[in-house]
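Q: this is a predicted model, with the sequence first.
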Amino acid sequence: MFEGLTALPADPILGLSAAYQADTNPKKIDLGVGVYKDEQGNTPVLKAVKQAEVEYHNRETSKVYIGPPGSAAANELLQALIFGADHAAVSAGRVRTIQTPGGCGSLRNAAELIKKANPSATVWVSDPTWANHIPLLGNAGLAIKTYPYYDHATKRVNFSAMMDTLKDVTKGDLVLLHGCCHNPCGADLSQDQWQAIAELALQNGFTPFIDMAYQGFGEGLDQDAYGIRLLADTVPEMIVSSSCSKNFGLYRERAGALSIMYASSADADKGQSNLFSLVRGMYSMPPNHGSAIVETILGSPNLTATWHKELAEMRERIKSLRALLNQKLQEKGAEGDFSFIERQSGMFSFLGINKEQVHSLVHDYSIYLVDSSRINIAGISLANVDYLAESIVAVLKK
Ligand code: PMP
């Protein structure tokens with residue numbers, strides 16, 4: 001039966017990773033795959049996670065299923081992390097959270113529920129957006145349209161163009177927004193811009209759908225949740241897909257959550273029952289280990305303090321690398337203004353060079369990045385930044 005299938009091209013990022021592994025150039029740099037890396041290029045297990053794993057190991061008495069929503073305690077702790085302690089919508093029972101297999105599992109669950117609630121819903125996504133948004137939402141059968149977002153000329157959000165498109169989006173449709181640290185462009189919304197979007201959502205009745213994959217990687221845990229909390233104060237309904245992959249470094253454990261704020265607790269009960277049924281039909285129960293670790297950390301003041309410190313270290317490292325790359329490019333006489341790299345936020349920015357220049361970086365300099373020129377800032381280090389800046393300066397002259 002499978003002979004009729006057509007082979008599909010490999011995922012470009014995974015292909016890039018394989019090429020990087022095979023490259024014997026000692027100067028090679030991997031700016032492709034979107035995982036955090038330390039100065040040595042490693043993605044270590046956080047200390048808070050290691051300690052929580054020991055505690056959890058000693059406490060765990062059974063491997064019995066945890067049920068479609070996962071652990072109630074973990075979900076409550078994640079709600080507080082996302083919405084802030086004691087948010088009125090949470091206290092009113094309007095926010096319901098389920099544990100999901102990573103942020104991807106959350107986005108896919110949300111898409112399935114949207115499809116069930118409104119089969120003709122369109123999800124509006126930013127241009128550009130994270131590539132996997134398209135299959136995660138589209139494979140559930142949802143229509144997807146784009147709104148203008150990043151202006152490659154100014155290296156900023158083209159907010160007037162964005163609002164001009166969103167002004168025609170109405171009730172029944174959704175607008176997907178990156179909570180912080182936009183992937184791939186690194187340009188985030190200002191507080192005033194969040195305010196304008198919240199007002200428009202309220203006025204037009206569309207449902208905000210927030211993808212929060214990098215909480216704590218931008219300005220801080222609370223600062224990064226500004227947009228979510230403002231929306232939760234303003235609109236009747238919203239969806240938040242959150243991931244614990246980056247901020248807890250739990251990537252392969254597949255820890256994430258889907259939090260939906262409903263207009264009433266009666267709607268919330270209906271929504272939850274539908275989600276449970278969808279989950280049963282897809283993977284039955286979420287994986288436990290990652291969220292059990294998150295629950296152990298967030299439930300312990302000591303482990304939370306350790307985690308906050310480690311998260312701050314990751315955030316500060318990214319920020320300092322942004323400043324350093326901009327400085328080195330200036331020092332080495334790069335043509336053009338690269339201050340946007342320092343101004344932008346999170347793990348990613350577009351270098352803003354063309355495809356030929358990207359290919360030259362890959363083939364002539366062993367610096368691996370995707371065709372769009374998106375770079376993972378965490379792949380830069382004090383040891384490689386000079387070589388990176390010199391190579392960029394060289395390809396800019398081509
Ligand atoms: N959304 C965005 C924007 C992401 O970059 C990622 C991870 N690359 C995710 C969601 C999902 O992450 P995961 O499924 O690994 O938790």
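A: Perfect, thanks for sending it. On a predicted model such as this, the values are computed, not experimentally measured, just so you know. Numbering: from 1, shown residues only.
Q: tell me which parts of the stretch 1-150 of the chain are close to the ligand?
A: Gly34, Gly102, Gly103, Cys104, Trp130 (Cβ under 6 Å from any ligand atom). In this view, the C-beta of every residue, glycine as well, is placed from N, C-alpha and C.
Q: pull out the buried members of these.
A: Gly34, Gly102, Gly103, Cys104, Trp130 (16 or more other Cβ atoms under 10 Å).
Q: tabulate the residues you listed (JSON lines), appending pLDDT and secondary structure.
A: Below are these laid out as JSON lines (pLDDT from 0 to 100; DSSP: H, G, I helix; E, B strand; the rest coil):
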{"residue": "Gly34", "pLDDT": "91", "secondary structure": "coil"}
{"residue": "Gly102", "pLDDT": "98", "secondary structure": "helix"}
{"residue": "Gly103", "pLDDT": "98", "secondary structure": "helix"}
{"residue": "Cys104", "pLDDT": "98", "secondary structure": "helix"}
{"residue": "Trp130", "pLDDT": "97", "secondary structure": "coil"}
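Q: now what about the helix or strand hosting Thr165, what contacts it?
A: Thr165 belongs to helix 159-166 when assigned by DSSP states H and E. Contact partners of helix 159-166, identified using Cβ atoms under 8 Å, 6 or more residues apart in numbering, comprise 124, 126, 147-149, 151, 175, 189, 193, 196-197, 200, 204, 206.
Q: each with direction, which strands does whatever helix or strand comes next after it pair with?
A: Toward the C-terminal end, the helix or strand that comes next after helix 159-166 (DSSP H and E) is strand 174-178. Paired strands of strand 174-178, with direction, are strand 122-127 (parallel), strand 207-212 (parallel) (DSSP bridges).
Q: can you list contacts of the first one?
A: Same thing as strand 122-127. Identification of contacts with strand 122-127 by Cβ under 8 Å, 6+ apart yields 111, 114, 133-134, 137, 142-150, 162, 165-166, 169, 173-178, 182, 206, 209.
Q: about what we covered before: now the helix holding Thr165: mean pLDDT?
A: Here helix 159-166 scores 98 as its mean pLDDT.
Q: where do the strands of the chain begin and end?
A: 29-30, 95-101, 122-127, 143-148, 150-151, 156-157, 174-178, 207-212, 238-243, 255-261, 348-350, 367-368, 374-376 (DSSP state E).
Q: and those as CSV, adding mean neighbour count?
A: Formatted as CSV, the strands of the chain follow (neighbours: other Cβ atoms under 10 Å):
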stretch, mean neighbour count
strand 29-30, 24
strand 95-101, 25
strand 122-127, 21
strand 143-148, 16
strand 150-151, 18
strand 156-157, 18
strand 174-178, 25
strand 207-212, 25
strand 238-243, 26
strand 255-261, 28
strand 348-350, 24
strand 367-368, 25
strand 374-376, 26
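Q: out of those, which comes closest to Lys398?
A: Ranking those by proximity to Lys398 (Cβ to Cβ) places strand 367-368 first, at 13.9 Å.
Q: residues making contact with that closest one?
A: By Cβ under 8 Å, 6+ apart, strand 367-368 touches 16-17, 19-20, 23, 28-32, 361-362, 388, 391.
Q: mind listing what it pairs with, with the direction of each?
A: strand 29-30 (parallel).
Q: from Asp164, how far out is Gly271?
A: Going from Gly271 to Asp164 by Cβ to Cβ, to the nearest Å gives 32 Å.
Q: now Ile66
A: 46 Å.
Q: between those two, tell me which one has more neighbours.
A: Ile66 (18 against 12; other Cβ atoms under 10 Å).
Q: still on that earlier bit, which of the contacts of helix 159-166 sits closest to the ligand?
A: Lowest distance from the ligand to these (Cβ to the nearest ligand atom) belongs to Ser126, with 10.3 Å.
Q: how much space separates the closest one from Ile228?
A: Taking Cβ to Cβ, one finds Ser126 at 16 Å from Ile228.
Q: same check on Gly15?
A: 34 Å.
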